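J.: sequence unknown, structure follows:
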């Protein structure tokens with residue numbers, strides 16, 4: 001029995017390879033080595049890049065969470 005890919009994909013006109021669209025555009029660019037090129041498929045990627053400033057925001061609207069002590 002063969003496995004089917006259930007992720008959306010498209011042929012990239014830059015690298016001429018199939019690319020999965022269920023990742024971020026930056027992840028795809030790193031994988032296919034085209035980071036410094038404007039991506040013609042950019043609008044099709046579903047993933048969102050988390051920026052450091054957004055990652056720390058919680059339900060309190062930007063309040064910092066407690067720092068955990070390392071386990072010993």
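T.: All right, it came through fine. Worth saying up front: this structure is predicted, and the values here are computed from it rather than measured.
J.: and the spatially closest residue to residue 32 that is not a sequence neighbour, how many neighbours does it have?
T.: Nearest residue to residue 32, sequence neighbours excluded (CB to CB, 6 or more residues apart in numbering): residue 15, at 4.5 Å. Yep, even glycine has a C-beta here, placed from its N, CA and C like the rest. The burial count assigned to residue 15 is 15, neighbours taken as other CB atoms under 10 Å.
J.: check contacts around residue 15.
T.: 32-34 (CB atoms under 8 Å, 6 or more residues apart in numbering).
J.: buried ones in the biggest helix by length in the chain, by neighbour count?
T.: Across the chain, the longest stretch assigned as helix under DSSP state H is helix 25-32. Neighbour counts using 16 or more other CB atoms under 10 Å place 25, 28-29, 32 of helix 25-32 among the buried residues.
J.: wait, doesn't residue 42 sit right on residue 28?
T.: No: using CB atoms under 8 Å, residue 42 is not in contact with residue 28; the gap is 9.3 Å.
J.: so where's the protein shaky on pLDDT?
T.: 1-3, 5, 50-72 (pLDDT under 70).
J.: re earlier: the residue nearest to residue 32 sits in which helix or strand?
T.: Using DSSP states H and E, residue 15 sits within no helix or strand.
J.: distance of it from residue 39?
T.: Residue 15 sits 10 Å away from residue 39, going by CB to CB, to the nearest Å.
J.: what do you get for residue 25?
T.: 5 Å.
J.: where along the chain do the strands fall?
T.: Using DSSP state E, the strands assigned to the chain run over residues 9-11, 18-20.
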